[in-house]
Each structure stands twice: as structure tokens, then as C-alpha cells.
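Student: What follows is a predicted protein model with its sequence.
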Amino acid sequence: MRIVGKLFLAAVLCAHFFSCFGASTTPSITLRVLSADSVPIKQVGAGVPFILEVSMYNIYRTRKPDIKGIEDFYTGQSGFQMKTINGKSNIKYTYNMRIDKTGTYKIGPAQIREKGKKVTSDVLSVVVGEKQIFKNGVGQTKKTLSNVMLRMSCDKKNVVVGQKVRCFLRFYYMDDADVTLDRILTSEVDDLRQTEKKGAFKGKKTIKNNLYHYLEWRWNVYPEKEGEIIIPAHRADFSIREDNGFLGLSSFFRFGYEKKHVFSNALKLTIDPLPEHDKPVHAVGDFVHFSASVDRAVAKQGDGIVLTLELEGDADLKNLDISELQNMPESLRYYDSKNYIVDKDADLKYKKKRFEFIVQGMETGELEVSKQEFTYFDPKRRKFKTLTTSPIMVNILPPSVSKTSILRQASAVAKAMADRQDEDDILPLDKKGRWHSTGERKINFWLFMLLALIPFFAFGFLRAKKWFNALLLKYTPHILRKNAFNRASKRLKQAKRKKDFASLYGIFITFFSERFTLKENAVSQDSVVKILQKHDFSEEELNNWRQFFNMVSSYMFYDKDKSRKLDPKMFDESIGWIEKLRNKL
């Protein structure tokens, strides 16, 4: 009985060992969603970018998996990480994605063929709401303040089709943060026309007892279709100082700056249709003036007269069009000529747009250009309004009439119009009121000389700045190459102090980029091995480097809880590699 019991126990242990070993070596694929900062989330924000992470375990081949349904959404560039042990690889692909409408969506399964067999993941259910919600018991949108933020807002969120919405984008940074904004990335939105952004306008604002500086951009959007429209999150790429460096020279020469990015919130607009109306509606907005005029009131039969309609208001003037005249008599033939905005670049609330027509009188005599009506919807008062021009009389003369007769007739028409003007409209000059003389103002000689020398100082400053930038561009790669070891050591010590395992991979990528004047996206495991081979590294040292770099690469996917269990000696080993590379490179 004892022998049988021991045999049974051994059999159970062997079965358990082989089942675990078999499970650990079986190819598998998993899917999950992360925030743009690689934090696990349980609800995606509509219009807010997120990361789809595809993890493949125990895979021999490295090609991308086929993911069902991913083509239905906006998908940007992808990332790739791999760790290989005994010929098998653990691979992670990351895809930048965005979903602009709330709801629950299915992504997957992800599939790959491994040794003739199909390896399939589960289907991932992605919940999209108005706000992004993080996992780990947070349960609400993350609201921690940082030294850099990007916020988007608008003056109204419930409008009608064609109504103007003013949008604002602010890049906030704290007073003591050394930040340089590199660029703002935006996205086009279907069924929403956007004007060009104006800015950046500078300002200050206190948020939760913290003083922030900000750069603000302003633009207008005009919805073209009813329903819900999402304005996606914007992205800001910026550089922030990592350390002061020796005597502050790193700040002066732009060393010690780390490139980062931050996303704004998204905006949701609710668009209502225009109410029913019995007349054609030309526009949506606020209009204050509509008039008609001609370049001459007397012309020969068949000659062209320029008729101009001028409209002044606050609306989408660029897309507003008047191509037909109303109730024109058959004796007046007209052609659409051109239209343009008068004060396009002026920062005015009400702008003017002119529509020009060529009118020809086909019969002689006095003819009337009929009054023109412009109907629009006023969103503030929620009702339709109509502006009307006055009718215009033109005198069409026979073709045989001389030019002198035409001028005489035109003069008579002008005099008749002037006589109609009420004399009371022009008040007499006030001669009895108070008045005083103003002496001539003179400028001091020293101030005049100072102002005269300003252009010379400005020219000299620009020349010096150009010379300095050229010198800096020439010697910057040499300085980066020379200081690559010290900068890497300093960054590793900072990472050790913060226990930031995820930053190790980036530190070594940046080190090889600076030391050998390479682009960061050109630095890989293979390119580094080739560099080490050229500098007489032994095969044993190369194998040790591969194992070390694969381990560092895997740390990029560790969350904070998992990082706490890692051995801090990894930082000392990293510093040791830098010293070893210093001796041979």
C-alpha cells in the first residue's frame, strides 16, 4: 500500500508538472485597452485616443496578427516589442486608436497562424463613454494636476445646423516649469467645417491654487449635419527640462530636455435641425445690414452695370452664397460675377461680404432693380428674420445716344437724389461751444536719437542670433556625443531614485542615439549588436548584452504594482553596463 501510494503521488506531481509546462509553452494571444499614457482603463472616452495592446506569447514568427473589426475605427501608427527566450518570443503590438461615438464595440478576435495551427484570442468588448475611466478602483476620470496640461472648450454645445461655435485650446504650464511647445496635432472631423486656428495668445490663470501660464488658440466650427458630433482630443508635443546640468549650460544648449506629449479632452456637440420655414433660408447667424447699389444709374442699351449686394453679419460668410436675384424684370438680364469678404483678416465681430452681378438693360427707359430679400435664422432669439434692400431705378438709353448726353443724364439723376436728402439730417457747425488751442508737441533730442538707433540695434541682434544658431547647429552633435556617458549615468541614477524601471529602455536608446549620432527610431537590438561587434566585444559579452537588453525592453510593459516586485539591483547592473561601454566605446 505504501509503494502504491508513493507511485500515485509521483504520478500526480508529474501530471501537474507537465500540464503547467505545457500551458506555459502553449501559444496564446490576449487583448486589452490602455490610456495614451499606458494606464489600464475600463471605459474609453469618446474622441480621446487610447492604445490597443495585443500580447502574443510563445510565438516563433513575428508577423502582425489579423484583428477583426479594427478597420472600422480610426487607427494610427503601431508599436512593437519582443522578448525571445529559447527560440520562442513574447511579442507586443500596440495600436493608437480613437472612437468618436459612445457605445459598446467589439474588437477581435486577433488571429495568427503558428506551425499550421490557428491561434485565436478572445473578443474584446470596448465601452466608450463621454469620459475616460481608469481601472484599479479609481472609477472616475483622472483629475490630478500636472505641470503641463492641454484643455479644449467651446462657448456652446447645443446648436442648430450651420450655427457658429467658438472653440478654444489652451496649453497650460506651471510658472517654474521650463517647457518648450513643439507642435499641436489636430484631426479633421466629418460634417464639421473648421476655420483656421488663430494664436497663440498668451495669458495666466490660477487653477486649484497653482499659477499656470498658457498659450491659447481660437477657431470657429460650423456643423453641417444634425446629430451628435465629437471634436477629438488634440495632442501637444513639447520638451521639458529634465535637469539644470552644469552651471545651467544644459538649459542654454537645449541639453537635458525630454520630449513628451499630452492629450486634451474631447468635446461633444449636439446639433438640432433648423425649424420648418415657408421661405428659403440663406444662412444661420446674426446679421445687421443688407444693401444694394449700382456703379452707375445711366447706361446704354446692352451695356453692363455692376450691381453689388453687401451683407454684414456674424456667421459662416465663407460658405454663404447668393447667386440669383429675386423678381428681376425680363428687360433686365443679369449674370453672377464674383463674391468676396471685404474685411477678411480684420478681427471684427461683424464682417462684410459682397456679391457682384453684371446687369444689362435690354429695353430703353427707366427700369427697376427689384428689392432683394435675405432670410436667416437667428439662433439667439430662435426665430427667422428677413432683411430687405431698397429698389434701384436705372435709366437705359438708346445705343445712338452720345457720351455727353449720358453724362448729362447721370448728373441730373445724381442731383435729383441729392435734393431728396432731408436737410435736417446734417446739423450746422457748432460755433458757440467751448474750444481751446493745442500747442505743437516736440520730441526731446535724446529720445529722437534713441529711436533712430533702434533699427541698427535690431539688425545687429538678428545677425548675432543667426550666427549663434549656425554655430550651435554645427557643434551640438559633437557635444552630445562627448557627454553621452555622463548623461546616461545621471539619468540612470535618477531612475534608480524614482524606481522607474520603465525608463531604462529609453535611456539606453537615447545613449546609443547620442553617442553614434543616430536617429532614435534607427536604434534596435540588431544595430546595437553590430556596433558592439565593431568594438571587439566577445561573443560571451554580446550574449550577456542581449539578455540584459531583452530584460530592459520587457520592463516597458510593467505597471506600477508589478514594478514594485522587481529587483533594484537592475539599476546597478545598468550603470555597470554604461561604465563597461565607456571603457570600450
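Tutor: Perfect, I can see it now.
Student: show me what contacts the residue nearest the centre of the chain?
Tutor: Centroid-nearest residue in the chain, with C-alpha atoms, centre = their mean: residue 186, separated by 2.3 Å. Residues in contact with residue 186 (C-beta atoms under 8 Å, 6 or more residues apart in numbering) are 197, 234. C-beta coordinates here come from the backbone N, C-alpha and C atoms, glycine included.
Student: Would you map out the domains in this structure?
Tutor: Split into domains by automatic domain parsing, the chain comes to 27-134, 148-272, 283-420, 481-584.
Student: Adding mean pLDDT and distance to residue 454, write these out as TSV.
Tutor: Formatted as TSV, the domains of the chain follow (pLDDT from 0 to 100; distance: least, C-beta to C-beta, whole Å):
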stretch	mean pLDDT	distance to residue 454
domain 27-134	81	47
domain 148-272	85	23
domain 283-420	86	27
domain 481-584	84	40
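Student: which one of those lies closest to residue 445?
Tutor: domain 148-272 (36.0 Å; C-beta to C-beta).
Student: what's the span of the closest one from first residue to last?
Tutor: 36 Å (C-alpha to C-alpha, to the nearest Å).
Student: just checking, residue 168 touches residue 198?
Tutor: No. Using C-beta atoms under 8 Å, residue 168 makes no contact with residue 198, being 10.6 Å away.
Student: Between these two, point out the one with more neighbours.
Tutor: residue 168 (15 against 12; other C-beta atoms under 10 Å).
Student: Leaving out sequence neighbours, find the closest residue to that one.
Tutor: residue 153 (5.0 Å; C-beta to C-beta, 6 or more residues apart in numbering).
Student: Can you give me every residue that contacts the one you found?
Tutor: So residue 153 contacts 167, 168, 170, 267 (C-beta under 8 Å, 6+ apart).
Student: Nearest to residue 69, out of these: which one, please.
Tutor: Nearest member of those to residue 69, counting by C-beta to C-beta, is residue 267, at 26.1 Å.
Student: Isn't that closest one up against residue 234?
Tutor: No. Counting by C-beta under 8 Å, residue 267 stays clear of residue 234, with 10.1 Å between them.
Student: Could you pull out the helices in the stretch 101-250 of the chain for me?
Tutor: 249-252 (DSSP state H, counting those that start in this stretch).
Student: between the domains of the chain, which one is nearest to residue 459?
Tutor: So among the domains of the chain, domain 148-272 is nearest, using C-beta to C-beta, at 23.9 Å.
Student: Run the chain-centre distance for the closest one.
Tutor: 7 Å (C-alpha atoms, centre = their mean, to the nearest Å).
Student: next one: stretch 109-119
Tutor: With C-alpha atoms, centre = their mean, you get 38 Å for stretch 109-119.
Student: can you list contacts of that stretch?
Tutor: 27-29, 31, 54, 56, 59-61, 63, 65-68, 120-123.
Student: Give the ChimeraX command for selecting the buried subset of these.
Tutor: To isolate the buried ones among these in ChimeraX, judged by 16 or more other C-beta atoms under 10 Å, type:
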select :27,29,31,54,56,59,65,67,120,121
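Student: Narrow the contacts of stretch 109-119 to those in strands?
Tutor: 28, 29, 31, 54, 56, 59, 66, 67, 120 (DSSP state E).
Student: Identify the residue spatially nearest to the third one, adjacent ones excluded.
Tutor: Spelled out, that is residue 31. Residue 31 sits nearest to residue 124 (C-beta to C-beta, 6+ apart), 4.1 Å away.
Student: number of nearby residues for that neighbour?
Tutor: 19.
Student: Residue 106 is in contact with that one, correct?
Tutor: Yes. The pair residue 124 / residue 106 is scored as a contact, 7.3 Å apart, by C-beta under 8 Å.
Student: buried set for the longest strand anywhere in the chain?
Tutor: Assignment by DSSP E gives strand 210-223 as the longest strand of the chain. Using 16+ other C-beta under 10 Å as the test for burial, strand 210-223 gives 212, 214, 215, 216, 217, 219, 220, 221, 222, 223.
Student: JSON lines for these, including distance to residue 73?
Tutor: Shown next, in JSON lines, are the buried residues of strand 210-223 (distance: C-beta to C-beta, whole Å):
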{"residue": "212", "distance to residue 73": "34"}
{"residue": "214", "distance to residue 73": "32"}
{"residue": "215", "distance to residue 73": "31"}
{"residue": "216", "distance to residue 73": "31"}
{"residue": "217", "distance to residue 73": "27"}
{"residue": "219", "distance to residue 73": "26"}
{"residue": "220", "distance to residue 73": "28"}
{"residue": "221", "distance to residue 73": "22"}
{"residue": "222", "distance to residue 73": "26"}
{"residue": "223", "distance to residue 73": "22"}
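Student: From the residues you listed, pick the one nearest residue 336.
Tutor: When those are compared against residue 336 (criterion: C-beta to C-beta), the nearest one is residue 222, at 23.3 Å.
Student: Next, find the distance separating the closest one from residue 512.
Tutor: Note on residue 222: its distance to residue 512, by C-beta to C-beta, to the nearest Å, is 49 Å.
Student: re the thing from before, make a PyMOL selection of whichever of the contacts of residue 153 turn out to be buried.
Tutor: Buried residues among the contacts of residue 153 (16+ other C-beta under 10 Å), as a PyMOL selection:
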select buried, resi 167+170+267
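Student: Report the two of the contacts of residue 153 separated the most.
Tutor: 170 and 267 (13.2 Å).
Student: overlap in contacts of these two?
Tutor: Joint contacts of residue 170 and residue 267 (C-beta under 8 Å, 6+ apart) are 152, 153.
Student: hang on, the earlier thing: which residues touch the residue nearest to residue 31?
Tutor: 31, 32, 33, 52, 106, 107, 108.
Student: try 10 Å this time
Tutor: Residues in contact with residue 124 (C-beta atoms under 10 Å, 6 or more residues apart in numbering) are 30-33, 52, 54, 67, 69, 105-110.
Student: what's the answer for residue 493, then?
Tutor: Contacts of residue 493 by C-beta under 10 Å, 6+ apart are 571, 574, 575.
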